[in-house]
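**Student:** Just need the structure, nothing else, for what follows:
(one chain, ligands or ions: 2)
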Amino acid sequence: MIKVLVAGFMGSMGQKTVQMVNKNNDFELVGAYNPGIDTVHLQGMGMDDRVKLFANLDDIDTDADVWIDFTVPGAAFDNAKFAIEHGIHPVIGTSGMTDDQVAQLSKLAEEKQVGGILAPNFGISAVLLMKFAKEAAKYMPGVEIIEMHHDDKLDAPSGTALATAKMIAEVRGKQDAPTTEETLKGVRGGDYDGIKIHSVRLPGYVAHEQVLFGSKGEALTIRQDSFDRGSFMSGVELAVPAAAKATQLIVGLENIM
Ligand SMILES: NC(=O)C1=CN([C@@H]2O[C@H](COP(=O)(O)OP(=O)(O)OC[C@H]3O[C@@H](n4cnc5c(N)ncnc54)[C@H](OP(=O)(O)O)[C@@H]3O)[C@@H](O)[C@H]2O)C=CC1
Ligand SMILES: O=C(O)C1=N[C@H](C(=O)O)C[C@H](O)C1
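**Tutor:** Ligands and ions are numbered 1, 2, ... in the order given. Predicted coordinates:
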């Protein structure tokens, strides 16, 4: 039985994660963390009385083996650091971590021999999109990324779009994007090693990404859609046992699939 703590348990992903953990016979929910816990909300969630609830990081006192983090970009690093320092293996889904923060966590995980998993996206369709895009970029280096998300998303670009750009840049190297004079500032999007990234935020959307390749006289579009946050849960389910036995920080779900 793997004992699990869910950080950000009152959020959209946190609630799905609590349901998934409760359904899985190999996992036991022992802790849940969210600043500003409100009891009315809790009643609606059917949270077991035996689950320890925490509203402050410093108060967390748990025997959890795995820490699942779906919080906010500003909190994920401190949370993961806390988890590793306390011998809890992190499964980090929260976006917005910088390369430097990932490097610091990897070093700490190695030192403490408490590994875990950080995945920009736990959805299988997104992992496949990134793999396919990396393959396509070998032959079609002209590429732009459009990511589309719900309008409550705090950060841009999405972690998935940034990870996609990094994977593409690995194979095609740094190239300049075509120079265009912007008569409306920002209209050409963000730039990662010459790969333009466009972030769309609209109500009704969940999480979607398109990678557009263009070459002489032809084009290729790769698209994935997460219509429901349940789409991320099979990836999280896979990550929990892998994280529990990891001695390093593994980055990307593809590395345990
Ligand atoms: N890797 C993946 O596959 C996926 C990643 N994500 C990422 O997961 C994160 C969460 O997404 P989502 O659930 O939609 O966001 P929500 O805003 O719905 O939930 C975030 C939750 O975290 C809580 N929170 C805020 N600060 C802290 C803190 N310091 N410690 C613990 N909890 C905190 C918030 O509480 P309050 O509202 O009171 O501030 C809220 O309940 C985002 O970064 C998102 O990009 C999302 C989907 C899939
Ligand atoms: O905020 C979201 O919703 C999502 N965030 C992750 C990201 O930033 O890539 C994963 C997925 O796109 C959903």
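**Student:** Could I get the pLDDT score of residue 176?
**Tutor:** On pLDDT, residue 176 comes in at 86.
**Student:** For the closest residue to ligand 1 within the stretch 151-257 of the chain, which non-adjacent residue is spatially closest?
**Tutor:** Across the stretch 151-257 of the chain, no residue is closer to ligand 1 than residue 232, which sits at 4.3 Å (C-beta to the nearest ligand atom). C-beta here means a position set from N, CA and C on the backbone, and glycine is covered the same way. Leaving out its chain neighbours, the residue that sits closest to residue 232 by C-beta to C-beta, 6 or more residues apart in numbering is residue 122, at 4.1 Å.
**Student:** quick revisit: phi, psi for the residue of the stretch 151-257 of the chain closest to ligand 1 please.
**Tutor:** Here is the backbone geometry of residue 232 (degrees, to the nearest 10): phi -90, psi -10.
**Student:** any idea how far residue 194 is from the closest residue to residue 119 other than its chain neighbours?
**Tutor:** What sits nearest to residue 119 in space, not counting adjacent residues and going by C-beta to C-beta, 6+ apart, is residue 253, at 4.3 Å. Noted for residue 253: a distance of 26 Å to residue 194, by C-beta to C-beta, to the nearest Å.
**Student:** what about these two, which has more around it?
**Tutor:** Taking neighbours as other C-beta atoms under 10 Å, residue 253 and residue 194 compare with residue 253 leading, 26 against 17.
**Student:** Hmm, residue 9 and residue 15 touching each other?
**Tutor:** Yes. With contact defined as C-beta atoms under 8 Å, residue 15 and residue 9 form a contacting pair (6.9 Å).
**Student:** just the helices in the stretch 51-200 of the chain please.
**Tutor:** 76-85, 99-112, 124-137, 159-172 (DSSP state H, counting those that start in this stretch).
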